[in-house]
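Asks: Pasting the sequence and the predicted model now:
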Amino acid sequence: MKKFFAKGATALAILALLTACSEPTSTDLTSTEGLSQSAAPMASAVTAASFTSVTSPAPGTIVATFGEAGASKSYNVKLSPGGGVHHVPAAQLVNGLGSTSWEGLDAGTYELCIKVEGVGGPFGNCRTISVEAPAVVLTAQTIAFGPLGDRTYGAGTFTVSATGGGSGNPVTFSAEGDCTVSGNVVTITGAGSCTITASQNGSATHSAA
């Protein structure tokens, strides 16, 4: 603390200044007039629901297992893209654990998310998994030759015919030995043997023949 020494009018002025500075000041903090008070809403907690495993045991297939041992809850499991939502009721769970699956999926990467049914909040605890394209099982084709007997060298050309399978592709012919073929017209080129082979290309659903 500093002390001031002055005389006369100067002393009175200093005393007045010190008195003014020493008066206590206060602020009324109890009034709420004119003030708006608001509390931010608390975010909804995502109810615990999680996968125990997410696998692709075969091409085009996803199997998800989930739940909580001993619990009795119903779950919704969502597959994106394009898989929709699978509902798994508590009655289908075994000791609180359940599973669901998708088949016939295209090749690609998928996301699975889960939530307890009847509880607000978004799906959560998401998993991603890659799926291979399903194996395509092709249908076999059978070619049936038309009647074909012995031919004599020098007797001229002749035609062959055959009926193909379900691919709808044309049947083509090839020749080996003492003959040639153009389209379905065969020419004997000498005495001996001639082998005509019929072929048909396959398709997305049929194998070649």
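Replies: It's in.
Asks: Model confidence for Lys3, exactly?
Replies: pLDDT, Lys3: 42.
Asks: and what of Val77?
Replies: pLDDT recorded at Val77 is 96.
Asks: same deal with the one 10 residues further on?
Replies: Note for His87: predicted pLDDT of 95.
Asks: and it, what does it touch?
Replies: Listed by Cβ atoms under 8 Å, 6 or more residues apart in numbering, the contact set of His87 reads 74-76, 117. (Each C-beta comes from the backbone N, C-alpha and C, glycine too.)
Asks: Just among those, which is most surrounded?
Replies: For the contacts of His87, neighbours were counted using other Cβ atoms under 10 Å, and Tyr75 has the most, 22 neighbours in all.
Asks: Is that residue bridged to anything, and to what?
Replies: Taking DSSP bridges, one finds Val88, Val116 as the beta-bridge partners of Tyr75.
Asks: so it sits right up against Gly67, yeah?
Replies: Yes. At 7.0 Å, Tyr75 counts as touching Gly67 under the criterion of Cβ atoms under 8 Å.
Asks: Now Gly166: closest residue in space, sequence neighbours ignored.
Replies: His206 (5.3 Å; Cβ to Cβ, 6 or more residues apart in numbering).
Asks: what sits in contact with each of Tyr75 and Gly67?
Replies: By Cβ under 8 Å, 6+ apart, Tyr75 and Gly67 have these common neighbours: Gly98.
Asks: before we move on, the earlier item: including distance to Ala90, could the contacts of His87 go into TSV?
Replies: Shown next, in TSV, are the contacts of His87 (distance: Cβ to Cβ, whole Å):
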residue	distance to Ala90
Ser74	5
Tyr75	8
Asn76	12
Glu117	9
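Asks: now for those, which pair is the farthest apart?
Replies: The largest separation in the contacts of His87, counting by Cβ to Cβ, is between Ser74 and Asn76 at 7.7 Å.
Asks: Mutual contacts of the two, please.
Replies: The contact sets of Ser74 and Asn76 overlap at 87-88, 116-117 (Cβ under 8 Å, 6+ apart).
Asks: Which of the three states applies to the residue nearest the centre of the chain?
Replies: Centre of the chain computed as the mean C-alpha position; nearest residue by Cα atoms, centre = their mean is Tyr110, 2.2 Å away. Assigned with DSSP: H, G, I helix; E, B strand; the rest coil, Tyr110 falls in the strand class.
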